[in-house]
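Asks: what follows is a predicted protein model with its sequence.
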Amino acid sequence: MNQDENIVWHSQTVTRAQKQLHKGHKPVLLWYTGLSGSGKSTIANAVESKLFELGCHTYLLDGDNVRMGLNKGLTFSDEDRVENIRRISEVAKLFVDAGLMVSTAFISPFKADRAQARTIMANGEFVEVFIDTPLEVCESRDPKGLYKKARAGEIPNFTGISSAFDIPESPELHIKTAEQTIEQSVEQIIGYLSQAGIIKI
Ligand SMILES: Nc1ncnc2c1ncn2[C@@H]1O[C@H](COP(=O)(O)OS(=O)(=O)O)[C@@H](OP(=O)(O)O)[C@H]1O
Ligand SMILES: Nc1ncnc2c1ncn2[C@@H]1O[C@H](COP(=O)(O)OP(=O)(O)O)[C@@H](O)[C@H]1O
(Lines give C-alpha, C1' and ligand atoms only; values in the text may rest on other atoms or scores of the structure.)
(Ligands and ions follow the chains in the order given, each with its own letter.)
Protein backbone atom coordinates (compact mmCIF):
# COMPACT_ATOMS: atom_id res chain seq x y z
CA MET A 1 0.00 0.00 0.00
CA ASN A 2 1.22 3.50 -0.79
CA GLN A 3 1.42 5.36 2.56
CA ASP A 4 1.18 8.74 0.75
CA GLU A 5 -2.53 7.95 0.14
CA ASN A 6 -3.17 8.42 3.87
CA ILE A 7 -1.44 11.79 4.16
CA VAL A 8 -3.62 14.87 3.85
CA TRP A 9 -2.43 18.50 3.33
CA HIS A 10 -3.54 20.78 6.21
CA SER A 11 -4.59 24.34 5.44
CA GLN A 12 -3.45 26.89 7.99
CA THR A 13 -5.45 29.58 9.74
CA VAL A 14 -2.86 32.36 9.50
CA THR A 15 -2.39 32.90 5.77
CA ARG A 16 0.75 33.55 3.79
CA ALA A 17 -0.57 37.00 2.88
CA GLN A 18 -1.05 37.89 6.56
CA LYS A 19 2.52 36.80 7.35
CA GLN A 20 3.82 38.88 4.44
CA LEU A 21 2.06 42.02 5.70
CA HIS A 22 4.03 41.75 8.96
CA LYS A 23 7.34 41.97 7.12
CA GLY A 24 7.06 44.94 4.77
CA HIS A 25 8.78 43.05 1.94
CA LYS A 26 7.91 40.12 -0.29
CA PRO A 27 9.20 36.65 0.48
CA VAL A 28 11.82 35.34 -1.91
CA LEU A 29 14.42 32.63 -2.35
CA LEU A 30 17.80 33.83 -3.61
CA TRP A 31 19.35 30.64 -4.97
CA TYR A 32 23.12 31.14 -5.31
CA THR A 33 24.91 28.59 -7.48
CA GLY A 34 28.54 28.36 -8.56
CA LEU A 35 31.81 26.53 -8.14
CA SER A 36 33.56 26.14 -4.80
CA GLY A 37 35.44 29.38 -4.14
CA SER A 38 33.37 31.32 -6.67
CA GLY A 39 32.10 33.70 -3.96
CA LYS A 40 28.62 32.35 -3.14
CA SER A 41 29.06 32.54 0.62
CA THR A 42 30.88 35.90 0.58
CA ILE A 43 28.26 37.57 -1.62
CA ALA A 44 25.26 35.90 0.07
CA ASN A 45 26.51 37.12 3.47
CA ALA A 46 27.13 40.65 2.18
CA VAL A 47 23.66 40.79 0.58
CA GLU A 48 22.05 39.42 3.75
CA SER A 49 23.80 42.10 5.82
CA LYS A 50 22.48 44.81 3.51
CA LEU A 51 18.95 43.39 3.60
CA PHE A 52 19.14 43.14 7.39
CA GLU A 53 20.19 46.82 7.57
CA LEU A 54 17.14 47.64 5.44
CA GLY A 55 14.96 45.94 8.06
CA CYS A 56 14.21 42.76 6.10
CA HIS A 57 13.63 39.43 7.80
CA THR A 58 16.30 37.15 6.34
CA TYR A 59 17.69 33.65 6.69
CA LEU A 60 20.81 32.17 5.08
CA LEU A 61 21.30 28.47 4.50
CA ASP A 62 24.99 28.01 3.77
CA GLY A 63 26.92 25.05 2.32
CA ASP A 64 29.16 23.49 4.93
CA ASN A 65 26.88 24.39 7.88
CA VAL A 66 23.92 22.46 6.47
CA ARG A 67 26.11 19.47 5.69
CA MET A 68 27.15 19.46 9.40
CA GLY A 69 23.52 19.22 10.58
CA LEU A 70 20.41 18.54 8.50
CA ASN A 71 22.40 16.84 5.74
CA LYS A 72 25.07 15.20 7.88
CA GLY A 73 26.25 11.98 6.30
CA LEU A 74 25.52 12.93 2.70
CA THR A 75 28.56 12.54 0.44
CA PHE A 76 29.53 14.26 -2.80
CA SER A 77 28.30 11.43 -5.03
CA ASP A 78 25.83 12.59 -7.70
CA GLU A 79 23.02 10.80 -5.85
CA ASP A 80 23.77 12.46 -2.51
CA ARG A 81 24.14 15.90 -4.08
CA VAL A 82 20.64 15.46 -5.54
CA GLU A 83 19.28 14.61 -2.07
CA ASN A 84 21.25 17.49 -0.51
CA ILE A 85 19.63 20.00 -2.86
CA ARG A 86 16.15 18.44 -2.55
CA ARG A 87 16.17 18.80 1.25
CA ILE A 88 17.60 22.31 1.10
CA SER A 89 14.95 23.46 -1.37
CA GLU A 90 12.14 22.03 0.79
CA VAL A 91 13.52 23.73 3.91
CA ALA A 92 13.97 27.01 2.01
CA LYS A 93 10.35 26.78 0.85
CA LEU A 94 9.17 26.54 4.47
CA PHE A 95 11.08 29.72 5.38
CA VAL A 96 9.68 31.49 2.31
CA ASP A 97 6.19 30.36 3.34
CA ALA A 98 6.88 32.06 6.68
CA GLY A 99 7.48 35.30 4.75
CA LEU A 100 11.28 35.52 4.91
CA MET A 101 13.91 36.50 2.35
CA VAL A 102 15.91 33.29 2.17
CA SER A 103 19.32 32.78 0.63
CA THR A 104 20.87 29.39 -0.16
CA ALA A 105 24.58 29.16 -0.99
CA PHE A 106 25.29 25.70 -2.38
CA ILE A 107 27.22 24.59 -5.43
CA SER A 108 23.97 22.95 -6.66
CA PRO A 109 25.78 21.71 -9.76
CA PHE A 110 22.92 19.98 -11.57
CA LYS A 111 20.52 21.87 -13.78
CA ALA A 112 17.67 19.40 -13.09
CA ASP A 113 17.87 19.94 -9.33
CA ARG A 114 17.87 23.73 -9.64
CA ALA A 115 14.90 23.45 -12.00
CA GLN A 116 13.11 21.22 -9.48
CA ALA A 117 13.76 23.74 -6.70
CA ARG A 118 12.24 26.43 -8.93
CA THR A 119 9.11 24.36 -9.57
CA ILE A 120 8.22 24.04 -5.88
CA MET A 121 8.28 27.83 -5.44
CA ALA A 122 5.58 30.31 -6.47
CA ASN A 123 6.14 32.40 -9.60
CA GLY A 124 8.69 35.16 -9.06
CA GLU A 125 9.80 33.78 -5.69
CA PHE A 126 12.79 31.83 -7.05
CA VAL A 127 15.71 34.03 -8.06
CA GLU A 128 18.65 32.09 -9.46
CA VAL A 129 21.94 33.91 -8.83
CA PHE A 130 24.77 32.47 -10.89
CA ILE A 131 28.10 33.32 -9.27
CA ASP A 132 30.11 32.96 -12.43
CA THR A 133 33.81 32.71 -11.62
CA PRO A 134 36.17 30.87 -13.96
CA LEU A 135 37.62 27.66 -12.56
CA GLU A 136 41.16 29.06 -12.77
CA VAL A 137 40.14 32.04 -10.61
CA CYS A 138 38.43 29.78 -8.03
CA GLU A 139 41.50 27.61 -8.01
CA SER A 140 43.86 30.55 -7.52
CA ARG A 141 41.70 31.77 -4.59
CA ASP A 142 41.41 28.26 -3.10
CA PRO A 143 40.11 29.68 0.25
CA LYS A 144 39.94 26.24 1.90
CA GLY A 145 42.87 24.57 0.12
CA LEU A 146 40.47 22.05 -1.43
CA TYR A 147 41.49 22.52 -5.08
CA LYS A 148 45.08 21.72 -4.14
CA LYS A 149 43.92 18.52 -2.46
CA ALA A 150 41.57 17.67 -5.37
CA ARG A 151 44.40 18.10 -7.90
CA ALA A 152 46.57 15.84 -5.74
CA GLY A 153 43.83 13.19 -5.97
CA GLU A 154 42.98 13.47 -2.27
CA ILE A 155 39.33 14.53 -2.82
CA PRO A 156 37.24 12.45 -5.25
CA ASN A 157 34.29 13.91 -7.24
CA PHE A 158 35.45 17.49 -6.84
CA THR A 159 33.21 19.94 -8.72
CA GLY A 160 34.91 21.44 -11.77
CA ILE A 161 37.71 18.88 -11.66
CA SER A 162 36.25 15.41 -11.37
CA SER A 163 32.52 16.16 -11.04
CA ALA A 164 30.25 18.15 -13.36
CA PHE A 165 28.86 21.67 -13.00
CA ASP A 166 25.99 22.51 -15.39
CA ILE A 167 26.22 26.18 -16.40
CA PRO A 168 22.90 27.99 -15.62
CA GLU A 169 21.23 28.90 -18.91
CA SER A 170 18.95 31.73 -17.86
CA PRO A 171 19.61 32.82 -14.28
CA GLU A 172 17.76 35.93 -13.09
CA LEU A 173 21.15 37.31 -12.01
CA HIS A 174 24.54 36.67 -13.59
CA ILE A 175 27.41 37.82 -11.35
CA LYS A 176 30.91 37.83 -12.79
CA THR A 177 33.19 38.10 -9.79
CA ALA A 178 36.41 38.21 -11.80
CA GLU A 179 35.18 41.49 -13.31
CA GLN A 180 33.51 43.21 -10.38
CA THR A 181 34.00 43.84 -6.67
CA ILE A 182 31.91 42.29 -3.90
CA GLU A 183 30.25 45.70 -3.35
CA GLN A 184 29.26 45.91 -7.05
CA SER A 185 27.76 42.41 -6.86
CA VAL A 186 25.76 43.39 -3.78
CA GLU A 187 24.46 46.49 -5.59
CA GLN A 188 23.48 44.38 -8.61
CA ILE A 189 21.46 41.97 -6.45
CA ILE A 190 19.84 44.65 -4.28
CA GLY A 191 19.02 46.61 -7.46
CA TYR A 192 17.27 43.57 -8.93
CA LEU A 193 15.22 43.01 -5.75
CA SER A 194 14.16 46.63 -5.74
CA GLN A 195 13.22 46.69 -9.44
CA ALA A 196 11.27 43.45 -9.05
CA GLY A 197 9.26 45.11 -6.25
CA ILE A 198 10.45 42.61 -3.64
CA ILE A 199 11.96 45.30 -1.41
CA LYS A 200 11.44 49.04 -1.16
CA ILE A 201 14.55 51.23 -0.83
N1 LIG B 1 33.98 16.76 -3.70
C2 LIG B 1 33.61 18.01 -3.41
N3 LIG B 1 33.12 18.81 -4.39
C4 LIG B 1 32.73 20.07 -4.08
N5 LIG B 1 32.81 20.62 -2.84
C6 LIG B 1 33.30 19.85 -1.83
C7 LIG B 1 33.72 18.53 -2.08
N8 LIG B 1 34.17 18.02 -0.91
C9 LIG B 1 34.03 18.96 0.03
N10 LIG B 1 33.50 20.08 -0.52
C11 LIG B 1 33.12 21.27 0.28
O12 LIG B 1 31.70 21.21 0.35
C13 LIG B 1 31.10 22.41 -0.10
C14 LIG B 1 30.02 22.15 -1.16
O15 LIG B 1 28.89 21.60 -0.57
P16 LIG B 1 27.47 21.80 -1.26
O17 LIG B 1 26.48 21.20 -0.32
O18 LIG B 1 27.32 23.22 -1.65
O19 LIG B 1 27.62 20.91 -2.58
S20 LIG B 1 26.49 20.39 -3.56
O21 LIG B 1 25.56 21.51 -3.82
O22 LIG B 1 25.82 19.26 -2.94
O23 LIG B 1 27.20 19.97 -4.79
C24 LIG B 1 32.19 23.23 -0.75
O25 LIG B 1 31.97 24.51 -0.18
P26 LIG B 1 32.00 25.85 -1.01
O27 LIG B 1 33.45 26.05 -1.24
O28 LIG B 1 31.40 26.83 -0.06
O29 LIG B 1 31.21 25.73 -2.27
C30 LIG B 1 33.49 22.60 -0.29
O31 LIG B 1 34.00 23.33 0.80
N1 LIG C 1 35.00 39.95 -6.51
C2 LIG C 1 34.85 38.98 -5.60
N3 LIG C 1 33.61 38.51 -5.31
C4 LIG C 1 33.46 37.52 -4.38
N5 LIG C 1 34.49 36.94 -3.71
C6 LIG C 1 35.74 37.37 -3.97
C7 LIG C 1 35.97 38.40 -4.93
N8 LIG C 1 37.31 38.62 -5.01
C9 LIG C 1 37.88 37.77 -4.11
N10 LIG C 1 36.95 37.04 -3.48
C11 LIG C 1 37.27 36.02 -2.45
O12 LIG C 1 36.96 34.73 -2.96
C13 LIG C 1 36.64 33.84 -1.89
C14 LIG C 1 35.31 33.18 -2.20
O15 LIG C 1 35.05 32.23 -1.18
P16 LIG C 1 33.60 31.82 -0.75
O17 LIG C 1 32.74 33.01 -0.62
O18 LIG C 1 33.73 30.92 0.43
O19 LIG C 1 33.11 31.00 -2.04
P20 LIG C 1 32.05 29.82 -2.13
O21 LIG C 1 31.04 30.01 -1.04
O22 LIG C 1 31.48 29.93 -3.50
O23 LIG C 1 32.87 28.56 -1.94
C24 LIG C 1 36.59 34.68 -0.63
O25 LIG C 1 37.81 34.54 0.06
C26 LIG C 1 36.45 36.13 -1.16
O27 LIG C 1 36.98 37.09 -0.31
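Replies: That came through fine. Ligands and ions are numbered 1, 2, ... in the order given.

Asks: make it CA atoms for all contacts and neighbour counts henceforth
Replies: Will do.

Asks: can you give me the helices for the chain?
Replies: Using DSSP state H, the helices assigned to the chain run over residues 16-23, 40-53, 63-68, 78-97, 111-119, 135-141, 146-151, 182-195.

Asks: now the helix or strand of the chain with the lowest mean pLDDT, how far from the chain's geometric center?
Replies: Ranking every helix and strand in the chain by mean pLDDT, DSSP states H and E puts helix 16-23 at the bottom, with a mean of 85. Taking Cα atoms, centre = their mean, to the nearest Å, one finds the center of helix 16-23 at 23 Å from the center of the full chain.

Asks: got the buried residues for that helix?
Replies: 19, 20, 23 (16 or more other Cα atoms under 10 Å).

Asks: helices and strands around that helix, which ones?
Replies: Contact partners of helix 16-23 among helices and strands, from 3 or more Cα pairs under 8 Å, 6 or more residues apart in numbering; DSSP states H and E: none.

Asks: closest to residue 175 out of the helices of the chain?
Replies: Ranking those by proximity to residue 175 (Cα to Cα) places helix 182-195 first, at 6.4 Å.

Asks: turn the helices of the chain into CSV, columns for distance to residue 165.
Replies: Shown next, in CSV, are the helices of the chain (distance: least, Cα to Cα, whole Å):
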stretch, distance to residue 165
helix 16-23, 35
helix 40-53, 15
helix 63-68, 16
helix 78-97, 11
helix 111-119, 8
helix 135-141, 11
helix 146-151, 15
helix 182-195, 22
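
Asks: least reliable of those helices by average pLDDT, please.
Replies: Lowest mean pLDDT within the helices of the chain: helix 16-23, a mean of 85.

Asks: which residues outside that helix are in contact with it?
Replies: Outside helix 16-23, the residues within contact range by Cα atoms under 8 Å, 6 or more residues apart in numbering are 26, 27, 56, 57, 97, 98, 99, 100.

Asks: report the angle between that helix and helix 78-97.
Replies: Relative orientation of helix 16-23 versus helix 78-97 (axes from the mean of the first three to the mean of the last three Cα atoms, to 10 degrees): 70 degrees.

Asks: of the buried residues of helix 16-23, closest to residue 127?
Replies: Distances from residue 127 to the buried residues of helix 16-23, taken by Cα to Cα, are shortest for residue 20, at 17.9 Å.

Asks: filter the contacts of helix 16-23 to the buried ones?
Replies: Applying 16+ other Cα under 10 Å to those, the neighbour count classes 26, 27, 56, 57, 97, 98, 99, 100 as buried.
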